[in-house]
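Novice: only geometry, no sequence info:
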């Protein structure tokens, strides 16, 4: 699929078909995350793939009780290892949020290219998810997403609810 | 350009031709950043475009004295407004790093689709860049990149120096 079509039509999807995806499709999506850029090529990301429905449902209380989290055939948990690279002189351990977000963005875009829906979940309880998935202390959950084919045939309509370029771009200094 | 070709061949570029890019090309690249997803569609990003060579050079001391920062026709500074959405119950103001990284990732990918090179710069002094560009207190610099046509014709070769899928993916729990 054309790059700009992917960018224009990636939408948050919260209703999924029950159909599972072929393994090679899941692999291509994960591979897009794998080859992402990161500071000094540190690649501080790790992905946990959950396909067991009972386990997905048990995670709902630590995922804001959002039922759609457990409705796709796959749930992906993006983790990042603390990285005291201190980008900008202020990010400290949180530098890894930048790298993991780049990689996870690639994953959500690749999913769109495959006709799969995702929904970047920021409402979750890090401590709760970590405990349930046995994630080590120095690793944090950055985001989760269900992954599956959208139930709604119009799920990939173009985004239109964004600020204009004039609102987000300025020249030579902040204005 | 095909989505996966963009993903596979985006490379960090540090040597640029002097040629400037057409305005419509720059606009398409910024527009890819504009339509990115963000938590609750908050869009906490702002982009400062610097084309004045003297200003670029004056910024070198707060950009790790990396001379390539001032060698492309355009320098882009990605900023984020503090956002106490507290993703995961631990990110606090740093939640905006996730959103701005998604948007800036779109920008670097769109640049590749246009045949333009970028280099995601994490080595900079937030306070110094903010002072020089008159950025408000509650806004932070997340990253910078030069933007221009690569000087080297082989600049967009495929990435091969990444961990394997087996190293970054696990199933049902962290392993």
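Specialist: Everything's here; your move. Everything numeric in this text was worked out from a predicted model, so none of it was measured. Numbers count the residues shown, from 1 in each chain, chains lettered A, B, ... in the order given.

Novice: Spell out which helix or strand contains residue A:141, please.
Specialist: Per DSSP states H and E, residue A:141 falls inside strand A:139-148.

Novice: next one: residue A:127
Specialist: helix A:126-133.

Novice: and that helix, is it in reach of chain B?
Specialist: Yes - using Cβ under 8 Å from any Cβ of the partner chain, helix A:126-133 reaches chain B at A:126, A:127, A:129, A:133. Just so you know, the C-beta spots here come from the backbone N, C-alpha and C atoms, and that holds for glycine as well.

Novice: I'd guessed the third one sits against residue A:135; true?
Specialist: Put plainly, it is residue A:129. Yes - counting by Cβ atoms under 8 Å, residue A:129 touches residue A:135, with 7.2 Å between them.

Novice: what stretches of chain A score poorly on pLDDT?
Specialist: By pLDDT under 70, chain A has no low-scoring segment.

Novice: in it, which spans are strands?
Specialist: Along chain A, the stretches classed as strands by DSSP state E are A:45-50, A:74-81, A:117-118, A:139-148, A:169-171.

Novice: Describe which strands the second one pairs with in its sheet and in which direction.
Specialist: When sheet partners are counted by DSSP bridges, strand A:74-81 sits next to strand A:45-50 (antiparallel), strand A:139-148 (antiparallel).

Novice: Give me whichever of these is most buried.
Specialist: Most buried of these, by mean neighbour count (mean count of other Cβ atoms under 10 Å in any protein chain shown): strand A:139-148, with a mean of 25.

Novice: quick one: the helices in chain A?
Specialist: Applying DSSP state H to chain A gives helices spanning A:3-9, A:23-34, A:53-59, A:95-113, A:126-133, A:165-168.

Novice: and residue A:122, backbone torsions?
Specialist: phi -110, psi -10 (degrees, to the nearest 10).

Novice: and which of the residues of helix A:126-133 next to chain B is nearest to chain B?
Specialist: Distance to chain B across these (Cβ to the nearest Cβ) is lowest for residue A:126, with 3.9 Å.

Novice: Dump the residues of helix A:126-133 next to chain B into TSV; add distance to residue B:19 and neighbour count as well.
Specialist: Converted to TSV, the residues of helix A:126-133 next to chain B look like this (distance: Cβ to Cβ, whole Å; neighbours: other Cβ atoms under 10 Å in any protein chain shown):
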residue	distance to residue B:19	neighbour count
A:126	46	18
A:127	52	15
A:129	48	21
A:133	50	21
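
Novice: of all the residues you listed, which comes closest to residue B:143?
Specialist: residue A:126 (23.7 Å; Cβ to Cβ).

Novice: Identify the residue spatially nearest to the closest one, adjacent ones excluded.
Specialist: Distances taken as Cβ to Cβ, 6 or more residues apart in numbering or on different chains put residue B:88 closest to residue A:126, at 3.9 Å, once the chain neighbours are dropped.

Novice: Was I right to think residue A:48 contacts residue B:168?
Specialist: No - counting by Cβ under 8 Å, residue A:48 sits too far from residue B:168 to count as a contact (10.3 Å).

Novice: Can you spell out which residues form a bridge with the closest residue to residue A:150 other than its chain neighbours?
Specialist: Spatially, and ignoring its direct neighbours in sequence, residue A:150 is nearest to residue A:117 (4.2 Å; Cβ to Cβ, 6+ apart). On the basis of DSSP bridges, residue A:117 is bridged to residue A:148.

Novice: For residue A:117, grab the count of nearby residues.
Specialist: Residues lying near residue A:117 (other Cβ atoms under 10 Å in any protein chain shown) number 27.

Novice: From chain B, how far off is it?
Specialist: Look at residue A:117 and chain B: by Cβ to the nearest Cβ, to the nearest Å, they are 12 Å apart.

Novice: Kindly report the same for residue A:121.
Specialist: On the measure of Cβ to the nearest Cβ, residue A:121 and chain B end up 9 Å apart.

Novice: ok, what's across the strand from that residue?
Specialist: residue A:144.

Novice: Would you check that it makes contact with residue A:145?
Specialist: Yes - the criterion here is Cβ under 8 Å, and residue A:121 meets it with residue A:145 at 6.1 Å.

Novice: of all the helices of chain A, which lies closest to residue B:8?
Specialist: When those are ranked by proximity to residue B:8, the top entry is helix A:23-34, at 8.8 Å, counting by Cβ to Cβ.

Novice: burial measure for the closest residue to residue A:20 other than its chain neighbours, as a count.
Specialist: Leaving aside its sequence neighbours, residue A:20 sits nearest to residue A:73 (Cβ to Cβ, 6+ apart; 4.3 Å). For residue A:73, the count of nearby residues is 19 (other Cβ under 10 Å).

Novice: What of residue A:112?
Specialist: Counted with other Cβ under 10 Å, the neighbours of residue A:112 add up to 23.

Novice: got a list of what the residue lying closest to residue A:13 once chain neighbours are set aside touches?
Specialist: Distance criterion Cβ to Cβ, 6+ apart; nearest residue to residue A:13, sequence neighbours excluded, is residue A:117 at 2.7 Å. Contact partners of residue A:117, counting by Cβ atoms under 8 Å, 6 or more residues apart in numbering or on different chains, are A:11, A:12, A:13, A:16, A:72, A:111, A:146, A:147, A:148, A:149, A:150, A:155.
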